[in-house]
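> Have a look at this prediction, sequence included:
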Amino acid sequence: MNYDIQNDIAKILLSEDEIETIVKRISAEIDAHYRERDSRLLLLGILKGSVVFMGDLMKHITVPVEIDFMKVSSYGAGTVSTGSINIMLDLYRKDFANTDILIIEDIIDSGRTLSYLVEYLRLKGAKSVRTCTLLDKPSRREVDFEADIVGAIIPNEFVVGYGLDYDEKYRALPFVGVLKPHVYSGEA
């Protein structure tokens, strides 16, 4: 299926400037929280959507950090979560007990994935596990979960750009936009 960015985006939800402001605020929060510690700080990006957000965060964080990635999915084909969590790329470390993990996510919908990951990483022995998301849709929550750091709370709309995709498209957009329903519903 071909896509036409100009006609596929209904509106811009967060502009480049608004995203930059959010990234700088979150980076300052991370610096403040992790400044006084005697352990390692690991930014754990959840592939693929968090890559752009995490890359921008790293440019502004001043405390020493390490990075790693996990690939986790609760989605099958399409736009609906399957409800089950699949770890396709796991995290392996020998120093979990001396590692503070900050999970970096692009968006929280149901909350199932992050809720699962926090518990999973704690069971692996991480010193601490916190979560940071660019976008949060609390209206879609299916489990009792709140991120430790939230960039912006958004309405229940299908968003793309700045790492978020539909069918692997739109990730490179420099803003977060609302995708027109006809694009993902198959209607003309």
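Ah, there it is.
> what about the closest residue in space to Ser139 that isn't next to it in sequence, how many neighbours?
Computed as Cβ to Cβ, 6 or more residues apart in numbering, the closest residue to Ser139 that is not its neighbour in sequence is Asn156, at 4.7 Å. Where you see a C-beta, it was placed from the backbone N, CA and C, and this is true even at glycine. The tally of other residues near Asn156 (other Cβ atoms under 10 Å) stands at 10.
> Kindly provide the distance from Asn156 to Lys137.
6 Å (Cβ to Cβ, to the nearest Å).
> just checking, the residue nearest to Ser139 touches Asp136?
No. With contact defined as Cβ atoms under 8 Å, Asn156 does not reach Asp136; the gap is 11.2 Å.
> next SSE after the helix or strand bottoming out on mean pLDDT in the chain?
The weakest-scoring helix or strand in the chain, judged by mean pLDDT, DSSP states H and E, is strand 81-89 (a mean of 79). Next along the chain after strand 81-89, taking DSSP states H and E as the criterion, comes strand 99-108.
> ok, which stretches of the protein are helices?
5-8, 16-34, 51-60, 112-123, 181-185 (DSSP state H).
> which stretches of the chain have low pLDDT?
1-3, 75-83, 186-188 (pLDDT under 70).
> quick one: which of the helices of the chain is nearest Ile149?
If you check each of the helices of the chain against Ile149 by Cβ to Cβ, helix 16-34 wins as the nearest, at 5.6 Å.
> on contacts alone, who are the packing partners of the closest one?
On a contact count with 3 or more Cβ pairs under 8 Å, 6 or more residues apart in numbering; DSSP states H and E, helix 16-34 meets helix 51-60, strand 99-108, strand 128-136, strand 149-153.
> Need the nearest residue in space to Leu13, chain neighbours excluded.
What sits nearest to Leu13 in space, not counting adjacent residues and going by Cβ to Cβ, 6+ apart, is Val176, at 4.9 Å.
> just Leu173 next, same as before
Spatially, and ignoring its direct neighbours in sequence, Leu173 is nearest to Gly161 (3.2 Å; Cβ to Cβ, 6+ apart).
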